[in-house]
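Chemist: quick one, structure for this:
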Amino acid sequence: MKSQPHKGTGEQEKTLGLFDLSVLGIGAIIGTGILVLTGIVAAEDAGPAIVFSFLIAALASGLIGLCYSELTTSLPNSGSAFYYAWVSIGKFVAFLAGWTLIGVYVTTTATVANGWTGYVQSFLEVLGINLPHSLLVNPASGGYVNLPAVLMILFMTVILTRGTSESKLVNNFLVGVKIFIIVLFIVISAQHVNPANWHPFLPYGYRGVFTGASAVFFSFLGFDALATSAEDAKDVDKNIPRAIILCLVISTALYILVSLVMTGVLSYKDLNVSEAMSYVLLAKGHKYVAEIVSLGAVLGIMAVVFAFIYAGSNIMKSMSRSAFLPQGLAKLNNKTQSPNRAIWLVGILSAILAGEFDLHYLALIANIGSLMVFALISLIVIILRYRYPELKRPFKVPFGNVIPVLSVLICIVLLVSISLNAWLTYLLWIVIGLIVYFCYSLRHADEFNFKDETNIPSK
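Modeler: This next block holds a predicted model:
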């Protein structure tokens, strides 16, 4: 082969233990979904039954998480779905998987940053500070640029270029802040819950529940962020599966509690705002608590941006060192051992989208792209078992192929619930990718083979 995905990059120190991996996953999962989308999806799609939407998304994520665990422990590599598809199916599908993931991470980062601006604005307004409207919204909304979102993304990009050993401390702190304000919201708001607000529980019917599940599903993309950290993880065989299960249980519990409290305090019809937690608290007179929550959300959402830029740059690094993208993007900084070129490219692309495009528009690719990737991950488990039965699997999904098949079916059901605009947006991104593939990747990248590989141990 012209380039090996695991060679020529130098040995990297393993810096992420079970706690760090769990925090990374929780930081990636508990973000836009709970702080920004919960109120909007309840108001527009599911009503109080958003609880079921999160349960469906969590069930699907649990099944997919098991599939991720088998692949990540069998083939520890920062390329995630791109690398697994390269090994099991071929370079064309691998490129599409990697290209989709880059699009998902860039647009999700921009989406999160858009929601972050809402909390910044809410926090500053309580203090009597009003930023110019033209610097808070994109051109389509009558402004020039969403400047706070742009600056925050660039700041987190700088933090990431300092390497995982230092930046993980910042991330752990930010995730801790986020969990604190979520628990604070639940404790303070629970006293105002009025069960009458839960009736009707299914105002949009069961179709609304599935539409809501599709809308919030990309919030669970934290599984992939964990998979991309495999090369930085200590004792990857045990820590990755444990971290996936731990972050799923904690995140799902918090999602359900927040949804029940939020729709119990106010009617779901009144929750169509991006800073729903602060809005609910202010509606019940908790001005100072709302200010604490807004400040915590401002800090906590930054942890999501951290996780997604980190994951997106790892995908880009893996594709680059495998010659699917220009190989200079895989170069590691001599001091920090971080792929700074890839980090800056992902950060800059995310900042541009966050500054110039609408939150809802940005979420389109993230929703459909993440479901496509998750369906592919589940399918790859089956294909890899068939093609390479001798592959050492420290963790194996139980019950044969039942769970991978169920994962694929759930993803298909949720994909059907997504609007035509989402599909058109995703297809536009794929068309751009195909141009890159046929102009560059086809001539430079090879099909994967195990002939000279040493990273594929047998049983």
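Chemist: the helices in the stretch 1-150 of the chain, which residues?
Modeler: Here the stretch 1-150 of the chain has its helices, by DSSP state H, counting those that start in this stretch, at 18-29, 32, 38-41, 50-74, 81-88, 91-126, 147-160.
Chemist: next: the stretch 301-450 of the chain.
Modeler: Taking DSSP H, counting those that start in this stretch, the helices of the stretch 301-450 of the chain run over residues 340-356, 359-387, 402-416, 420-436, 442-444.
Chemist: could those go into CSV alongside mean neighbour count, distance to Phe54 and mean pLDDT?
Modeler: Every C-beta, even on glycine, is put in place using the N, C-alpha and C of the backbone. Shown next, in CSV, are those (neighbours: other C-beta atoms under 10 Å; distance: least, C-beta to C-beta, whole Å; pLDDT from 0 to 100):
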stretch, mean neighbour count, distance to Phe54, mean pLDDT
helix 340-356, 23, 25, 89
helix 359-387, 23, 15, 84
helix 402-416, 18, 13, 88
helix 420-436, 15, 20, 88
helix 442-444, 12, 41, 87
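Chemist: so which of those helices comes closest to Thr73?
Modeler: Distance to Thr73, taken as C-beta to C-beta, is lowest for helix 359-387 among those, at 11.8 Å.
Chemist: Ala283: neighbouring residues, count only.
Modeler: By other C-beta atoms under 10 Å, the residues close to Ala283 number 14.
Chemist: let me fix that: Pro148
Modeler: 23.
Chemist: hmm, it is touching Gly118, no?
Modeler: No - applying C-beta atoms under 8 Å as the test, Pro148 and Gly118 come out as separate, 9.6 Å apart.
Chemist: before we move on, the earlier item: how about the helices of the stretch 301-450 of the chain in JSON lines, adding distance to Ser122?
Modeler: Putting the helices of the stretch 301-450 of the chain into JSON lines (distance: least, C-beta to C-beta, whole Å) gives the following:
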{"stretch": "helix 340-356", "distance to Ser122": "18"}
{"stretch": "helix 359-387", "distance to Ser122": "15"}
{"stretch": "helix 402-416", "distance to Ser122": "31"}
{"stretch": "helix 420-436", "distance to Ser122": "28"}
{"stretch": "helix 442-444", "distance to Ser122": "48"}
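Chemist: and the nearest residue to Ser294 once chain neighbours are set aside, how far from Ala311?
Modeler: Of all residues not flanking Ser294 in the chain, Phe123 sits nearest, at 3.9 Å (C-beta to C-beta, 6 or more residues apart in numbering). Distance, Phe123 to Ala311, using C-beta to C-beta, to the nearest Å: 27 Å.
Chemist: kindly report the same for Arg341.
Modeler: Using C-beta to C-beta, one obtains 16 Å as the distance from Arg341 to Ala311.
Chemist: spit out the contact partners of Leu329.
Modeler: The contact partners of Leu329, by C-beta atoms under 8 Å, 6 or more residues apart in numbering, come to 316-317, 319-320, 339, 341-342, 345.
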